[in-house]
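Participant: Sequence first, then the predicted structure, then my questions.
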Amino acid sequence: MASSLEKAKQNPDSMKAKILMAARKIFGEYGFHGTTTRMIAKAVDIDISTLYYHWGEKGDLYEAVIRDINEGMRKKLMEVEKIIRGRPLTERIEIALDEMSEYLFQHPEISNLTLFRYFTKTRHSSQLDFQVPEFMSDIAYSMGLAKDRKNVSLDAKMKVLSIMNAIHNFVSGENFFRPMLGVEREEYRRAAKETLKFFNLSAFV
């Protein structure tokens, strides 16, 4: 039997899918504890009972959001790996930074929720979390920092973390940094990507 998440993914126009998309954005903006089911229901223009019918309690919906994000990240990383496989290291880094930065800028709730998980002391009690260790291993392997995914050194993992944290900070901080810099969205995102390349290419190549 298909899960609620699977049903939502199978039918993007369904009420399940609309609630899920609204929940991603609102959890990303306010975190788990700052979000209420009423806020999500209001965003979709439904009553609270309809939300509970489709997704159950807030914790159930939050877990679906994290699963959805994990699946999306896994799919994107696989796409990037196919593109960069066999290329020189400089090209691998440039393409990976472009692709992952653009993906996260298009889905800022991922970076926001990741940073919430880093810094929020009172967390949702679920055992489900972002698949950071798996993602680190995949990225390290794709970049040529490890010979296989199952034997990734601490040094390689730390390098990957430095890259991902830099991207998350640029993405999550966009609305704070742009007014400070006095630039529009497209110019900010272009400059963020170029800055990421400037530091990481010199560090890795």
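Facilitator: Looks like it came in fine. Keep in mind it's a predicted model, so treat the numbers as computed, not measured.

Participant: Tell me where the longest helix sits in the chain.
Facilitator: helix 58-84 (DSSP state H).

Participant: gap between that helix and the chain center?
Facilitator: On the basis of CA atoms, centre = their mean, to the nearest Å, the separation between the geometric centre of helix 58-84 and that of its chain is 7 Å.

Participant: That one: what's the following helix or strand?
Facilitator: Tracing the chain C-terminally past helix 58-84 and defining elements by DSSP states H and E, one meets helix 89-106 next.

Participant: Tell me which other helices or strands that following helix touches.
Facilitator: helix 58-84, helix 132-142, helix 154-172, helix 185-204 (3 or more CB pairs under 8 Å, 6 or more residues apart in numbering; DSSP states H and E). Bear in mind the C-beta positions are built from the backbone N, C-alpha and C, glycine included.

Participant: comparing those helices, which gets the lowest mean pLDDT score?
Facilitator: Taking each of the helices and strands packed on helix 89-106 in turn, the one with the lowest mean pLDDT is helix 132-142, at a mean of 75.

Participant: What is the end-to-end distance of stretch 168-183?
Facilitator: Using CA to CA, to the nearest Å, the gap from the first to the last residue of stretch 168-183 comes to 19 Å.

Participant: All further residue positions should be reported with the first residue as 899.
Facilitator: With 899 as the first residue, the last one maps to stretch 1066-1081.

Participant: What residues of it count as buried?
Facilitator: Applying a neighbour-count criterion of 16 or more other CB atoms under 10 Å, one finds H1066, F1068, V1069, S1070, G1071, E1072 buried in stretch 1066-1081.

Participant: for stretch 969-979, same thing?
Facilitator: Result for stretch 969-979 [16+ other CB under 10 Å]: buried residues M971, K974, L975, V978, E979.

Participant: and if you look at stretch 1084-1095?
Facilitator: For stretch 1084-1095, burial by neighbour count (16+ other CB under 10 Å) applies to Y1086, R1087, A1090, K1091, L1094, K1095.

Participant: Determine which two of these are furthest apart.
Facilitator: Spatial extent of those (CB to CB) is set by the pair Y1086 and K1095 at 15.2 Å.

Participant: Report whether the expected contact of I982 with A994 is present.
Facilitator: Yes: under the criterion of CB atoms under 8 Å, I982 is in contact with A994, at a separation of 5.9 Å.
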